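Student: Attaching a predicted model along with its sequence, questions to come.
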Amino acid sequence: MTTPTYVLAIDQGTTSSRAIVFDHQGQPVASGQLENKQIFPRAGWVEHDPMELWKNVREAVGKALASADISRDQIAAVGITNQRETAVVWDRNTGKPVHNAIVWQDTRTQKICDELARHGGVDRYKNRVGLPLATYFSGPKVAWILDNVKGARAAAEAGDLLFGTTDSWVLWNMTGGAKGGGLHVTDVTNASRTMLMNLDTLDWNEQICADMGIPMSMLPEIKASSQVYGETRAQGLLAGRPIAGILGDQQAATFGQACFARGLGKNTYGTGSFLLINTGREAVRSDNGLLTTVAYQVGSRDPVYALEGSIAVTGSLVQWLRDNLGIIKDAQEVETLALSVKDNGGAYFVPAFSGLFAPHWRPDARGALVGLTRYVNNGHLARAVLEATAFQTADVVQAMNVDSNSELRELKVDGGMTANETLMQFQADILGVDVVRPEVTETTALGAAYAAGIAVGFWEGQRDVESNWKEGARWKPRMKADERDRLLRNWRKAVTKTLDWVDDDVL
């Protein structure tokens, strides 16, 4: 019998679906990746086709196994990580979605959130779920589907519909779907992003579900982030392999970065950017615009919590520069263009395309490019695009320092944008602390792999994760304090220009 020597991670992300094979040292061996089609039915609406997501996952797995030249018998376990708040509602009998997935960036549920906030304000449920009422989270998205898709509410009340974030959708299909008794499960990290889970007891809140009109029968079973959920269905590339890890993408990156001690944190630079800091067994409630979330739970152990600063638009701003304006042809060109000038030329770009997330939580905000003069050119715009990511991160770090009553000493980073050395140096400069990138930057998929591997004994535990982590690059701040203060002052002035934009006439 073949001895399993690898773990496979499925990363169902916002812009792409990937599968990566990792060895025992936590090194990537091979991968497969397919881009997800972004659907924009109208301003502020963002959707994915769930059937395409599932198809892309299957193809990515096939590509990864083929590239590694291995069989399923060599896979010890499968881990899943995913775009967190994106909501899928499907028919348990047919396996067909009743509507496109509503993506985390989507803002159509603002009126639902406003109506719920009429009694108790935006923090109505915050003490129970750790989250403010915002379009970001998946509960209101489910309510919108039930209210707006013909026949959906009746089908849900009859027990025919299921809801899940994309981890649940992938797992249900991998374990048999409608024909094979697919498992309807999610983990504590994804459940903590729905606005429907009690943060302290890790179960669904019946009253909040009732307030949103969501039948409890739709909800997946909540389990730990690292445990065996079941096996993949009899037919397929991974037949019989245990699925043993699920983590929302940002929690997976936290796990992959070995942020296991209280006070350790990381920032992931992807479609958006997400800074999490471990708060240990305590669910710390924020007074400064941060989210309280579950970081991970290993088996039957107590859950570990985190404070999170969520930024909606960072990497997707570079994508916007490419796809909507045509200023660059490839995302990597933004760094070259930014280096053609010595500074931003006085231009500041606040990408509030979906409103402002942490620490502001202003759904009325919309994107603004300010400080323009005839001097500003494409190079200055490219630099303003990169700097926007670092400035938004600085706002989150400031809030996190106040909430945690301590100062950030260094920032661990990961995600695709960390390949941009100009951005990483500016991030160190604007924070005034070292920025550290690990040797393996695929920490999101790696975290899911570790969770799955620990559950089946492929890794002995979190100490193996810590020993595998290695520093890959470090950027030290070089900017003078008065210049840092000037840039941050102008940035925060620019943020004020985005506010109070949306009203009844502006969507």
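Tutor: Thanks, I have the structure now.
Student: Check which helices and strands whichever helix in the chain runs longest sits against.
Tutor: Using DSSP state H, we find that the single longest helix of the chain is helix 378-404. Where contact means 3 or more C-beta pairs under 8 Å, 6 or more residues apart in numbering; DSSP states H and E, helix 378-404 is packed against strand 265-269, strand 273-280, strand 304-311, helix 315-323, helix 333-338, strand 348-350, helix 421-431, helix 481-496. Just so you know, the C-beta spots here come from the backbone N, C-alpha and C atoms, and that holds for glycine as well.
Student: Turn the ones you listed into JSON lines, including mean pLDDT.
Tutor: Below are the helices and strands packed on helix 378-404 laid out as JSON lines (pLDDT from 0 to 100):
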{"stretch": "strand 265-269", "mean pLDDT": "90"}
{"stretch": "strand 273-280", "mean pLDDT": "90"}
{"stretch": "strand 304-311", "mean pLDDT": "91"}
{"stretch": "helix 315-323", "mean pLDDT": "90"}
{"stretch": "helix 333-338", "mean pLDDT": "93"}
{"stretch": "strand 348-350", "mean pLDDT": "96"}
{"stretch": "helix 421-431", "mean pLDDT": "96"}
{"stretch": "helix 481-496", "mean pLDDT": "96"}
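Student: Now render the ones you listed as CSV, adding mean neighbour count and distance to Leu381.
Tutor: Below are the helices and strands packed on helix 378-404 laid out as CSV (neighbours: other C-beta atoms under 10 Å; distance: least, C-beta to C-beta, whole Å):
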stretch, mean neighbour count, distance to Leu381
strand 265-269, 27, 19
strand 273-280, 24, 20
strand 304-311, 26, 19
helix 315-323, 19, 7
helix 333-338, 19, 8
strand 348-350, 25, 7
helix 421-431, 21, 14
helix 481-496, 14, 14
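Student: In a markdown table, list the ones you listed along with distance to Asp123.
Tutor: Formatted as a markdown table, those follow (distance: least, C-beta to C-beta, whole Å):
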| stretch | distance to Asp123 |
| --- | --- |
| strand 265-269 | 24 |
| strand 273-280 | 19 |
| strand 304-311 | 16 |
| helix 315-323 | 28 |
| helix 333-338 | 37 |
| strand 348-350 | 24 |
| helix 421-431 | 28 |
| helix 481-496 | 21 |
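Student: Can you check which of the ones you listed gets nearest to Ala143?
Tutor: strand 304-311 (20.7 Å; C-beta to C-beta).
Student: Kindly format the C-alpha coordinates of that closest one as CSV.
Tutor: Taking C-alpha atoms only, strand 304-311 is exported to CSV below (Å, rounded to 0.1, in the frame of the first residue of the first chain):
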residue,chain,number,x,y,z
VAL,A,304,-8.8,30.7,19.6
TYR,A,305,-10.1,34.1,18.7
ALA,A,306,-8.7,37.1,16.7
LEU,A,307,-9.3,40.8,16.1
GLU,A,308,-9.5,41.5,12.4
GLY,A,309,-9.3,44.6,10.2
SER,A,310,-10.9,43.9,6.9
ILE,A,311,-10.1,46.1,3.8
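Student: Run the angle between it and strand 273-280 for me.
Tutor: Computed by axes from the mean of the first three to the mean of the last three C-alpha atoms, to 10 degrees, the angle separating strand 304-311 from strand 273-280 equals 160 degrees.
Student: by contact count, what packs against strand 304-311?
Tutor: helix 249-256, strand 273-280, strand 291-296, helix 378-404.
Student: could you give the angle of the helix or strand hosting Asp167 to helix 249-256?
Tutor: Per DSSP states H and E: Asp167 is located in helix 166-174. Put simply, helix 166-174 runs at 90 degrees to helix 249-256, going by the same axes, to 10 degrees.
Student: Which strands and helices lie in contact with helix 166-174?
Tutor: strand 6-12, helix 50-68, strand 75-82, strand 87-91, strand 161-165, strand 185-187, strand 242-248.
Student: May I see the ones you listed organised as a markdown table, with distance to Ser406, mean pLDDT and mean neighbour count added?
Tutor: Putting the helices and strands packed on helix 166-174 into a markdown table (distance: least, C-beta to C-beta, whole Å; pLDDT from 0 to 100; neighbours: other C-beta atoms under 10 Å) gives the following:
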| stretch | distance to Ser406 | mean pLDDT | mean neighbour count |
| --- | --- | --- | --- |
| strand 6-12 | 32 | 96 | 29 |
| helix 50-68 | 40 | 95 | 20 |
| strand 75-82 | 29 | 96 | 30 |
| strand 87-91 | 35 | 98 | 25 |
| strand 161-165 | 32 | 97 | 27 |
| strand 185-187 | 29 | 97 | 28 |
| strand 242-248 | 25 | 96 | 30 |
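Student: Now distance to Phe255 too, for these, in a markdown table please.
Tutor: Shown next, in a markdown table, are the helices and strands packed on helix 166-174 (distance: least, C-beta to C-beta, whole Å):
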| stretch | distance to Phe255 |
| --- | --- |
| strand 6-12 | 11 |
| helix 50-68 | 20 |
| strand 75-82 | 9 |
| strand 87-91 | 23 |
| strand 161-165 | 17 |
| strand 185-187 | 11 |
| strand 242-248 | 6 |
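Student: circling back to that earlier point, the helix holding Asp167 to strand 87-91, inter-axis angle?
Tutor: 30 degrees.
Student: which residues touch His184?
Tutor: Applying C-beta atoms under 8 Å, 6 or more residues apart in numbering to His184 gives the contacts 92, 162, 164, 168, 172, 220-221.
Student: Now which of these would you call buried?
Tutor: Among the contacts of His184, the ones that count as buried by 16 or more other C-beta atoms under 10 Å are 92, 162, 164, 168, 172, 220.
Student: Surely the fourth one and Thr186 touch.
Tutor: When you say that, I think you mean Ser168. Yes - using C-beta atoms under 8 Å, Ser168 is in contact with Thr186, at 4.8 Å.
Student: overlap in contacts of the two?
Tutor: Pro220.
Student: mind showing which ranges of this protein have poor pLDDT?
Tutor: For the chain, the stretches with pLDDT under 70 are 1-2, 234-235, 504-507.
Student: if you set the cut-off to 80 instead, what comes out?
Tutor: 1-4, 234-236, 404-407, 503-507 (pLDDT under 80).
Student: and Leu8, how far is that from Glu335?
Tutor: 32 Å (C-beta to C-beta, to the nearest Å).
Student: again with Gln110
Tutor: In terms of C-beta to C-beta, Gln110 sits 35 Å off from Glu335.
Student: before we move on, what about Ala283?
Tutor: The value you get for Ala283 to Glu335, if C-beta to C-beta is used, is 39 Å.
Student: can you check Pro132 too?
Tutor: Distance from Pro132 to Glu335, by C-beta to C-beta: 35 Å.
Student: how deep is Tyr125 tucked in, by neighbour count?
Tutor: Look at Tyr125: counted by other C-beta atoms under 10 Å, it has 25 neighbours.
Student: now swap in Gln33 and tell me
Tutor: 17.
Student: three-state assignment of it?
Tutor: Under DSSP: H, G, I helix; E, B strand; the rest coil, Gln33 falls in the strand class.
Student: so what's it bridging to?
Tutor: Gln33 forms beta bridges with Arg18, as assigned by DSSP bridges.
Student: Just list the residues touching the nearest residue to Gln83 once chain neighbours are set aside, thanks.
Tutor: Spatial nearest neighbour of Gln83, chain neighbours left out: Thr14 (4.6 Å); criterion: C-beta to C-beta, 6 or more residues apart in numbering. By C-beta under 8 Å, 6+ apart, Thr14 lies in contact with 36, 83, 86, 103-105, 270-271.
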